[in-house]
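Asker: I would like to see how this sequence folds:
(chains A and B)
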Amino acid sequence: MDVEHVAAQIAKEPGVVFTTHYTYVCSTPGQQMIIDAIKEHGLNRLIVASCSPRMHEVTFRRAAAKGGLNPFLCEMANIREHCSWVHEDREKATEKALEILRTILEKVKGDTELDITTVPITRRALVIGAGIAGIQAALDIANGGHEVLLLDRYPCIGGHMAQLGETFPTLDCASCIFTPKVVEAAQSENIKILAYSEIEEVTGSVGNFEVKIRRKARSVDETKCTGCGLCCEKCPTKVPSEFDRDLVMRKAIYIPFAQAVPNVATIDKESCRYYRTGKCKVCQKFCQADAIVFDQEDEIITEKIGAIVIATGYELLPKDIYGEYGYGKYPDVIDGLQLERMLSASGPTTGEIRRPSDGQIPKEVVFIQCVGSRDESKGISYCSKICCMYTAKHARLYKHRVHDGQAYVFYMDVRAGGKKYEEFVKQAMTEEGAVYLRGRVSKIYPRRKKLIVRGADTLSGTQIEIPADLVVLACAIVPAPGVEEFARKLRIGYDEHKFLSEAHVKLRPVETNTAGIFLAGACQAPKDIPDTVAQAGCAAAKVLGLFAKEYLASEPVVASVDEEICSGCGLCITACAYDARKMDEKKHVAIVEDVLCQGCGACASACPSGACELKNFRAEQIVSMVDAVT
Amino acid sequence: MIQNSSSESGNGKVGAVMVLGAGVAGIQASLDLADMGYKVYLVEDKPSIGGAMAQLDKTFPTNDCAMCLLSPKLVDTARHPNVEIITNAELQKMEGSAGNFEVTVNKRPRYIDEEKCTGCGTCTNNCPVRNIARFEEVDELGKVQLDDEDRQTLRQVLDKHEADRAAIISVLQDVNAHYRYLPENVLRHIARGLDIPLSRVYSIATFYNAFSLTPRGKHIVRVCMGTACHVKGGHRILQALVRMFSIESGGTTEDGNFSLEDVRCLGCCGLAPVITIDDDLYGSITQAKLPKILERYQDESVATAAAARGTSDG
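Answerer: Numbers count the residues shown, from 1 in each chain, chains lettered A, B, ... in the order given. The predicted model follows:
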């Protein structure tokens, strides 16, 4: 296009004081030219007609500020990407460039001076969920020098990793690599553990959240309890142990497992004889520390927090979803985590694999992969990602325990993408002799002491029946229960499977759409331990990055409300994706939280009365810009 | 690698980090560190940052454009006051330990003053040396390395078949007859010329055994390994040829005169054992007869005649 012509023509427009042209305005001499021009001609508005504002708006606004102009009075007219690069006809392109400039001229005339506001940051983080993801994130933030609250809804921290036996692909014992981390978290001066607690309410915004936490009553004074375990021994009521996946019984007053942190007892009120019948108090009688407090009540505490990491983890698909596999009906059909408890040296069988029904050592074990995963008829379209690997691990560990045993694996596909993963599965097939059968199992039924597993081997095209002693189901990974309400409290999104939504699947995988709230681990999608630890570290780094700032600077191009016009209809509140719009109950007008507002303008277009406008993108500006073209 | 908050001075650590490799991983790490206030040295082997992601079209699972995702990050990196980009460079030496590394980076000459260059592109447009495909490894017509003679030949072949996609096999046959195999750059050119994906051309070229992707000899010697020939000693004939040519079956002699192949059945079991050389059939072969037969094909005139007939075996 003819740049000289554009510069000469636009100079004739009303309000234009000075125009010039230069090949590289973004270079240092080019910027100096701008600074000099502002000073020399006393300019009160600036337009740079060049490339996309994505490229150099920051550069030119900085230059404007150096010249003594409010940076938000500087606008860019994109005559490169939107014009010269896409048009062949020189004359028409020149004409279009002039049109673009005329519209921006109208915009800049309506621009007002804006100031960046700053908000202080509370340098304190909350980590929700204390499995491997939460603990890793908490440790990284704490080692960065900031205080962390580590919260878990269960009586102790550790999550699922504390239940595992050995981990793929190195077969190192989970406790050996995990316990040091748990201990480090427990001993860190910067980490405060809030076990047996749940989130009640989250208010405020990035840098300055206020969180109400319910500290559930254990009926045990945490400060007095020494974790001696005498109460658990004496308690007369037995219930299935959650930690041991119902393989053994625990008492109504219990410490989930020997290495629990915090190592204090908790009374399960639903099964406790005293709470049900009003009589018993055996635990209180035997407690030497006088720690039992029957009338203890839930306590609500309020904490000020700058950033939140969510690491609420996963659960396995509920037992009853596959009736044909008899899970829950036949005791010798178990899930992967139950086998993990058996494989664990500290588990109920001290590392031996035994049939839950009669305690015999199983000689033939059938593993079934994709129980629920990739089964759209059960509403689960996704791959649970870790089952191929842990089933291969189970098959191998079974062979390590039972040398003359035979493992069969029914699979749909073996998806072993990961460092040393494919090799690990290969070893299960070749060296450990696990028989991999490609196909689905249609039915499991008992015959005498055996379970008959009937399925198809699609590679040979035959029906097969395997008389098994034990069947292990690799159940689908589903999010921890209660996601909907939890997500609502934190104002974050979740997908159709109730996994929490990241802000961008590729570029912002640990951020949520709410600034200052980050994701780690399986709450976002099924993940193995290496991926979880990596994501937790990343979430921690994002928190540290936030805390490294001196203050939060809010973008001044935000929505504003004319309270005179606002009718308080609340449409803007529904339109806002960032939760930046609220109702001022007293005045009954909608207000804008400047820190949360991203300047998207959704509320401005939703507002029926014109009360809500985006600063420097006001309706009259836009209209005059449109008029300039036509 | 070198890490410390620049705000916490006086503990003897250096508040700068070096990131080696400027693909999306390196760029993201640099931006996060730079936002935290660390000085970042982003070192890249290639002349520009961006890595493999800059070469991608769309990205799964959302199918959004890779450049739309990456280029804002490239811009942010380039203009971030805390990031110093060192391209065309490689790590030479690293000493010290965490908190106090001393790193030597070899920045290879670009022969361009990076301070002065504005990236206008006039120099690259006017440079007379062309066709050095590096970053854009695409099969564009202009970027396929072909000499003028090849170009001429291909033009003739394509014109003959009116650049019709349906004639792909005929085109490949003609090209195969000319070169005695299908060179990769020629296939790329054909794909462009007929507007067929290269993958499709490749699938056709590898499906028919009339085509070869490796150079073949002037004459194709096929030894029948069908049941009758096998019983009558076909495999011994093959072994004899392997010894004579000093190549395995499927190979081509060093002088490029003969390619040796074994085939299943040539359909003339009555003449077993059978070999064919180009389109000529020789039955009841013995090892003793081989040298004399082969001698005929050493002759230049026969060779030309054979080449003119083409080397198709259907």
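Asker: alpha carbons only for contacts and neighbour counts from here, please
Answerer: Fine.
Asker: what packs against the helix or strand A:Cys388 falls within?
Answerer: Assigned by DSSP states H and E, A:Cys388 belongs to helix A:387-401. The contact analysis (3 or more C-alpha pairs under 8 Å, 6 or more residues apart in numbering or on different chains; DSSP states H and E) places helix A:387-401 against helix A:336-343, strand A:364-371, strand A:406-411, helix A:421-430, strand A:470-475.
Asker: so which of those is nearest chain B?
Answerer: strand A:364-371 (21.3 Å; C-alpha to the nearest C-alpha).
Asker: tell me how far that closest one lies from the chain's centre.
Answerer: Relative to its parent chain, strand A:364-371 has a centroid offset of 30 Å by C-alpha atoms, centre = their mean, to the nearest Å.
Asker: before we move on, what about stretch B:85-97?
Answerer: With C-alpha atoms, centre = their mean, you get 31 Å for stretch B:85-97.
Asker: quick one: end-to-end distance for stretch A:17-35.
Answerer: This stretch, stretch A:17-35, spans 15 Å end to end (C-alpha to C-alpha, to the nearest Å).
Asker: which residues of the stretch 101-250 of chain B lie near chain A?
Answerer: B:Thr118 (C-alpha under 8 Å from any C-alpha of the partner chain).
Asker: residues in contact with the closest residue to chain A within the stretch 101-250 of chain B?
Answerer: Proximity of the stretch 101-250 of chain B to chain A (C-alpha to the nearest C-alpha) peaks at B:Thr118, 7.6 Å away. Counting by C-alpha atoms under 8 Å, 6 or more residues apart in numbering or on different chains, B:Thr118 makes contact with A:Tyr24.
Asker: doesn't it lie inside a helix?
Answerer: No. Counting by DSSP: H, G, I helix; E, B strand; the rest coil, B:Thr118 is located in no helix; its state is coil.
Asker: picking that back up, got the angle between the helix holding A:Cys388 and helix A:421-430?
Answerer: Per axes from the mean of the first three to the mean of the last three C-alpha atoms, to 10 degrees, the angle that helix A:387-401 makes with helix A:421-430 is 40 degrees.
Asker: average pLDDT for helix A:387-401, rounded please.
Answerer: When pLDDT is averaged over helix A:387-401, the result is 96.
Asker: show me the contact partners of that helix.
Answerer: In contact with helix A:387-401 (C-alpha under 8 Å, 6+ apart) are residues A:167-169, A:171, A:336, A:339, A:343, A:352-353, A:367, A:369-370, A:405-409, A:414-416, A:421, A:424-425, A:428, A:432, A:434, A:474-476.
Asker: for burial, what's the neighbour tally of the nearest residue to B:Asp195 once chain neighbours are set aside?
Answerer: In space, and not counting its chain neighbours, B:Asp195 is closest to B:Arg165: 7.4 Å by C-alpha to C-alpha, 6 or more residues apart in numbering or on different chains. Using other C-alpha atoms under 10 Å in any protein chain shown, B:Arg165 has 16 other residues around it.
Asker: ranking helices and strands of the chain by mean pLDDT, which lands last?
Answerer: In the absence of a named chain, chain A is used. Lowest on mean pLDDT, DSSP states H and E among the helices and strands of chain A sits strand A:552-554, with a mean of 83.
Asker: list the helices and strands the following helix or strand past that strand packs on?
Answerer: For strand A:552-554, the succeeding helix or strand toward the C-terminus, using DSSP H and E, is strand A:559-561. Judged by 3+ C-alpha pairs under 8 Å, 6+ apart, strand A:559-561 is in contact with strand A:589-592, strand A:612-614.
Asker: now do 6 Å
Answerer: Strand A:559-561 sits against strand A:612-614, with contacts defined as 3 or more C-alpha pairs under 6 Å, 6 or more residues apart in numbering or on different chains; DSSP states H and E.
Asker: which helices and strands does the strand it packs on pack with?
Answerer: strand A:559-561.
Asker: now the strand it packs on: average pLDDT?
Answerer: 93.
Asker: strand partners of that strand, parallel vs antiparallel please.
Answerer: With DSSP bridges as the test, strand A:559-561 is paired with strand A:612-614 (antiparallel).
Asker: show the subsequent helix or strand relative to the strand it pairs with.
Answerer: helix A:619-629.
Asker: can you check what pLDDT the model gives the residue of the stretch 351-500 of chain A found nearest chain B?
Answerer: Using C-alpha to the nearest C-alpha, the closest approach of the stretch 351-500 of chain A to chain B is made by A:Tyr382 at 12.5 Å. The confidence metric pLDDT takes the value 96 at A:Tyr382.
Asker: among the contacts of helix A:387-401, which ones are buried?
Answerer: The neighbour-count criterion (16 or more other C-alpha atoms under 10 Å in any protein chain shown) marks A:167-169, A:336, A:339, A:343, A:352-353, A:367, A:369-370, A:405-409, A:414-416, A:421, A:424-425, A:428, A:432, A:434, A:474-476 among the contacts of helix A:387-401 as buried.
Asker: so B:Lys13 sits against B:Gly99, correct?
Answerer: Yes. Look at B:Lys13 against B:Gly99 with C-alpha atoms under 6 Å: they come within range, at 4.9 Å.
Asker: residue ranges of the strands in the stretch 451-600 of chain A, please?
Answerer: Secondary structure of the stretch 451-600 of chain A, counting by DSSP state E, counting those that start in this stretch: strands at A:462-468, A:470-475, A:477-479, A:517-519, A:552-554, A:559-561, A:581-584, A:589-592.
Asker: counting by contacts, list what the first one packs against.
Answerer: Of the remaining helices and strands, those touching strand A:462-468 by 3+ C-alpha pairs under 6 Å, 6+ apart are strand A:450-457.
Asker: the strand it packs on pairs with which strands, parallel or anti?
Answerer: Sheet partners by DSSP bridges: for strand A:450-457, these are strand A:441-447 (antiparallel), strand A:462-468 (antiparallel).
Asker: just the angle between the last one and strand A:406-411, please?
Answerer: On the basis of the same axes, to 10 degrees, strand A:462-468 is oriented at 130 degrees to strand A:406-411.
Asker: got the buried residues for strand A:462-468?
Answerer: For strand A:462-468, by 16+ other C-alpha under 10 Å, it's A:Glu465, A:Ile466, A:Pro467, A:Ala468.
Asker: before we move on, back to that, contact partners of the least confident helix or strand of chain A?
Answerer: Under the criterion C-alpha atoms under 6 Å, 6 or more residues apart in numbering or on different chains, residues A:Ile116, A:Thr117, A:Thr118, A:Val119, A:Val595 lie in contact with strand A:552-554.
Asker: of all of the stretch 1-150 of chain B, which residue lies closest to chain A?
Answerer: For the stretch 1-150 of chain B, C-alpha to the nearest C-alpha, closest residue to chain A: B:Met36, 4.8 Å.
Asker: follow-up on the earlier one: in the least confident helix or strand of chain A, what counts as buried?
Answerer: Result for strand A:552-554 [16+ other C-alpha under 10 Å]: buried residues A:Leu552, A:Ser554.
Asker: again, but for stretch B:102-113
Answerer: For stretch B:102-113, by 16+ other C-alpha under 10 Å, it's B:Asn106, B:Lys107.
Asker: need the contact partners of it.
Answerer: B:Asn88, B:Ala89, B:Glu90, B:Leu91, B:Gln92, B:Lys93, B:Met94, B:Glu95, B:Gly96.
Asker: who wins for most neighbours among the residues you listed?
Answerer: B:Ala89 (21 neighbours).
Asker: about what we covered before: got TSV for the strands paired with strand A:450-457, with mean pLDDT and distance to B:Asp150 too?
Answerer: Formatted as TSV, the strands paired with strand A:450-457 follow (pLDDT from 0 to 100; distance: least, C-alpha to C-alpha, whole Å):
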stretch	mean pLDDT	distance to B:Asp150
strand A:441-447	95	59
strand A:462-468	96	56
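Asker: so which of the contacts of helix A:387-401 also contact chain B?
Answerer: Of the residues in these, proximity to chain B by C-alpha under 6 Å from any C-alpha of the partner chain holds for none.
Asker: tell me which parts of chain A are close to chain B?
Answerer: A:Gly545, A:Ala548.
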